[in-house]
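Student: show me the folded form of this:
(one chain, ligands or ions: 2)
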Amino acid sequence: MAKGNINVSVENIFPLIKKFLYSDHEIFLRELISNATDATLKLKHLTNTGEAKVEYGNPMIEVKINKENKTLQIIDQGIGMTEEEVQKYINEVAFSGAEDFISKHKDAEKEGIIGHFGLGFYSAFMVADKVEIITKSYTDAPAVQWVCDGSPQFELGPSDKKDRGTEIVLHIAEDSQEFLEEYKIRELLQKYNRFMPIPIKFGTKEETLPLPEGADKDATPEKVIVDDIINNPNPAWTKAPSELKEEDYKAFYHELYPMQFDEPLFHIHLNVDYPFHLTGILFFPKLGNNLNIDKDKIQLYQNQVFVTDEVKGIVPDFLMLLRGVIDSPDIPLNVSRSYLQADGAVKKISSYITKKVADKMVSLMNDNREDYEKKWNDIKVVIEYGMISEEKFYEKSDKFALYPTVDGKYLTFEELKDKIKDNQTDKDGKLIILYASNIDEQDQYIQTAKEKGYEVLLLDSPIVPHLIQKLETTKENISFVRVDADHINNLIKKDENIASILTDEEKETLKKDLEETIDSKTYTIALENLSKDDAPFILTQPEFMRRMKDMQQTGGGM
Ligand code: ADP
Ligand code: MG
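Tutor: Ligands and ions are numbered 1, 2, ... in the order given. Alright, predicted model coming up:
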């Protein structure tokens, strides 16, 4: 059989990049600003090591619209490129200068350089029919200009650019004119670049100066025009937890969600270096029994560049109920979602986060049990959801899962077992855990059970039917029984035979009457061992039947 090379020519690859590389055209801006950021971080590294003998200063990145010329410019004061570098990094598609830099400067990895694939720059052609690069290297090399109209031909020549850095000029295509609108660009900057590490200027704004000390209170404060910097280059998650106070975390929550007026219950600061890099802050919002909150609130970043807020498949489902930021350079910035979900690093990240959340629960409970109990009802759906869906989380849950009782106690499973082991078993010695799902509706049953000295849990979240099943199948010799179920009459208890207020005769007639009016397939009538004066009889349902119905109602919906 003959062997040969498949010939990939640039003529074919351009339209491919344009069409399929990124499903979202708008990410061109993120890519170009990422390159400008990389160029600046590289310069920072080289000046730090003394390799570049230039002043680093306070570089920023500027984004400018010129409606008349129909251009969008991205200007940086970074490392720039020599003519050879343009030849190498720009003209060779899919040759990543970022990876090249990191392989040459191993210790530069920690600078958080974003580029990977060597394709980001070409995303400019998704919105521009002509792109210019005007660039001057930090070295003495002369400035150059590169122009390309999206065909494989380009022009490269000298430029009179005076200052160090790179200016990318996009001649916006006819079908992409929206990218010449200020509001559109501002929206994109807000979405993708809000926490990038180098200040990004987009126009100017008016700012009112504070009155100088001792000034007349009625004096008109001075107004000045300042650069409009759209990003916060040092967001909370990039700092060490020891640098941050409780207020700082809350302030960051509101910075992240300006439209969210609630306060988070607590946060988890993620910070790991090995076996992958990951930082972030997760917040527990007040959830109550609500499973239908706005999911997709967790934002995924890579080196402070926004990647996505659709985290399904990347973080475990139960954590989608949380809010916050996850930043990892090990999450591939791009390409497609199915690729992301299959990625090994992504799986490791997901199980790391699960473990971190479990650890945090343990420490919250051990550090201040009272406070943890107070928060329980607002966080329980997350925990219960985690227990039924993530095995690793479930395995640890005995250390932090609480089981509230109808009278306001919060017990761990062990504590509960201890309390009921002498009192609540069936004739085979199986531990019977009584619970109510609705205090008002089941009040009569709860009172009866309490009078018999039984402990009754209050399990009212929508996940409970699934949680009970999970506990019953994994823990030995236990059974959950709702207070209004028939089992309650069959529990073994020492002081049986509480006298009824009814005579035997009365009981017989009452029983007959009841059997005529009540569907005996659904309910069981009990007239014995009931102490309560106003409850001479009690109707119960087989636990099994009711559960089947419950499951049908909530089933599949998880
Ligand atoms: P990547 O960022 O993944 O390396 P890109 O296609 O985005 O790939 O960019 C290719 C290369 O072009 C970069 O690695 C860098 O060497 C060079 N480059 C792009 N933009 C700039 C810029 N603003 N300043 C300096 N070099 C740049
Ligand atoms: Mg890039």
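Student: the helices in the stretch 1-150 of the chain, which residues?
Tutor: Assigned by DSSP state H, counting those that start in this stretch, the helices in the stretch 1-150 of the chain fall at 10-16, 27-49, 83-85, 97-104.
Student: any idea which of the ones you listed scores lowest on pLDDT?
Tutor: Among those, helix 10-16 carries the lowest mean pLDDT, at a mean of 61.
Student: about what we covered before: figure out which of the helices of the stretch 1-150 of the chain is closest to ligand 2.
Tutor: Closest of the helices of the stretch 1-150 of the chain to ligand 2 is helix 27-49, at 4.4 Å (criterion: CB to the ion). Just so you know, the C-beta spots here come from the backbone N, C-alpha and C atoms, and that holds for glycine as well.
Student: ok, and which of the helices of the stretch 1-150 of the chain has the densest surroundings?
Tutor: helix 27-49 (a mean of 23; mean count of other CB atoms under 10 Å).
Student: which other helices and strands contact it?
Tutor: Counting contacts by 3 or more CB pairs under 8 Å, 6 or more residues apart in numbering; DSSP states H and E, helix 27-49 is packed against strand 61-66, strand 71-75, helix 97-104, strand 165-172, helix 182-192, strand 305-308.
Student: by how many degrees do it and strand 165-172 diverge?
Tutor: Angle of helix 27-49 versus strand 165-172, following axes from the mean of the first three to the mean of the last three CA atoms, to 10 degrees, is 180 degrees.
Student: ok, helix 27-49 near ligand 1 or not?
Tutor: Yes: counting by CB under 6 Å from any ligand atom, ligand 1 is contacted by helix 27-49 at 31, 35-36, 39.
Student: tell me where the model's unsure across this protein.
Tutor: In the predicted model, the chain carries pLDDT under 70 at residues 4-23, 93-98, 107-119, 291-296, 332-342, 486-500, 527-536, 550-558.
Student: nearest to ligand 2 within it, name that residue for me.
Tutor: Going by CB to the ion, ligand 2 is nearest to Gly120 of the chain, at 3.0 Å.
Student: nearest residue to that residue in space, please, no chain neighbours.
Tutor: In space, Gly120 comes closest to Glu31 once its chain neighbours are excluded; the distance is 3.7 Å by CB to CB, 6 or more residues apart in numbering.
Student: just to revisit the earlier point, go back to the residues of helix 27-49 next to ligand 1 and keep what's next to ligand 2.
Tutor: Applying CB under 5 Å from the ion to these, one finds that Asn35 fall near ligand 2.
Student: which of the residues of helix 27-49 next to ligand 1 lies closest to Met60?
Tutor: Among the residues of helix 27-49 next to ligand 1, Ala36 lies closest to Met60 (CB to CB), at 9.5 Å.
Student: how near is the closest residue to the closest one other than its chain neighbours to Phe101?
Tutor: Nearest residue to Ala36, sequence neighbours excluded (CB to CB, 6+ apart): Asp76, at 3.7 Å. Computed as CB to CB, to the nearest Å, the Asp76 to Phe101 distance reads 15 Å.
Student: likewise for Gln442?
Tutor: Per CB to CB, Gln442 is found 67 Å from Phe101.
Student: next, format the helices and strands packed on helix 27-49 as TSV and append distance to ligand 1.
Tutor: Formatted as TSV, those follow (distance: least, CB to the nearest ligand atom, whole Å):
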stretch	distance to ligand 1
strand 61-66	9
strand 71-75	7
helix 97-104	2
strand 165-172	4
helix 182-192	14
strand 305-308	11
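Student: geometric centre of this structure: which residue is closest?
Tutor: Ile298 (2.5 Å; CA atoms, centre = their mean).
Student: surely that residue is in contact with Arg323?
Tutor: Yes: using CB atoms under 8 Å, Ile298 is in contact with Arg323, at 6.3 Å.
Student: joint contacts of these two?
Tutor: Residues touching both Ile298 and Arg323 by CB atoms under 8 Å, 6 or more residues apart in numbering: Leu282.
Student: quick one: secondary structure of the residue lying closest to Trp237 once chain neighbours are set aside?
Tutor: In this structure, Trp237 finds its nearest non-sequential neighbour in Ile281, 4.8 Å apart by CB to CB, 6+ apart. What DSSP: H, G, I helix; E, B strand; the rest coil gives for Ile281 is strand.
Student: ranges for the strands of the stretch 201-350 of the chain?
Tutor: Secondary structure of the stretch 201-350 of the chain (DSSP state E, counting those that start in this stretch): strands at 223-229, 266-272, 278-284, 298-302, 305-308, 323-327.
Student: next, format these as JSON lines and append distance to Glu62.
Tutor: Compiled in JSON lines, the strands of the stretch 201-350 of the chain are given as follows (distance: least, CB to CB, whole Å):
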{"stretch": "strand 223-229", "distance to Glu62": "8"}
{"stretch": "strand 266-272", "distance to Glu62": "33"}
{"stretch": "strand 278-284", "distance to Glu62": "28"}
{"stretch": "strand 298-302", "distance to Glu62": "22"}
{"stretch": "strand 305-308", "distance to Glu62": "18"}
{"stretch": "strand 323-327", "distance to Glu62": "25"}
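Student: I'd like to know how far the closest residue to Val226 other than its chain neighbours sits from Leu32.
Tutor: Distances taken as CB to CB, 6+ apart place Glu207 nearest to Val226, at 4.9 Å, with adjacent residues excluded. Relative to Leu32, Glu207 is positioned 28 Å away (criterion: CB to CB).
Student: just Ile439 next, same as before
Tutor: As judged by CB to CB, Ile439 and Leu32 stand 59 Å apart.
Student: thought Tyr352 was touching Leu278?
Tutor: Yes: when contacts are counted by CB under 8 Å, Tyr352 is listed as touching Leu278 (6.8 Å).
Student: higher neighbour count, those two?
Tutor: Shown here are Tyr352 and Leu278; by other CB atoms under 10 Å, Leu278 has more neighbours (20 against 16).
Student: tell me what the more buried one is bridged to.
Tutor: Beta bridges link Leu278 to Val272, judged by DSSP bridges.
Student: what are the neighbouring residues in contact with the nearest residue in space to Ile168 that is not next to it in sequence?
Tutor: Once flanking residues are discounted, Ile168 sits nearest to Ile74: 4.6 Å by CB to CB, 6+ apart. Shown in contact with Ile74 (CB under 8 Å, 6+ apart): 29, 32-33, 36, 61-63, 167-168, 170.
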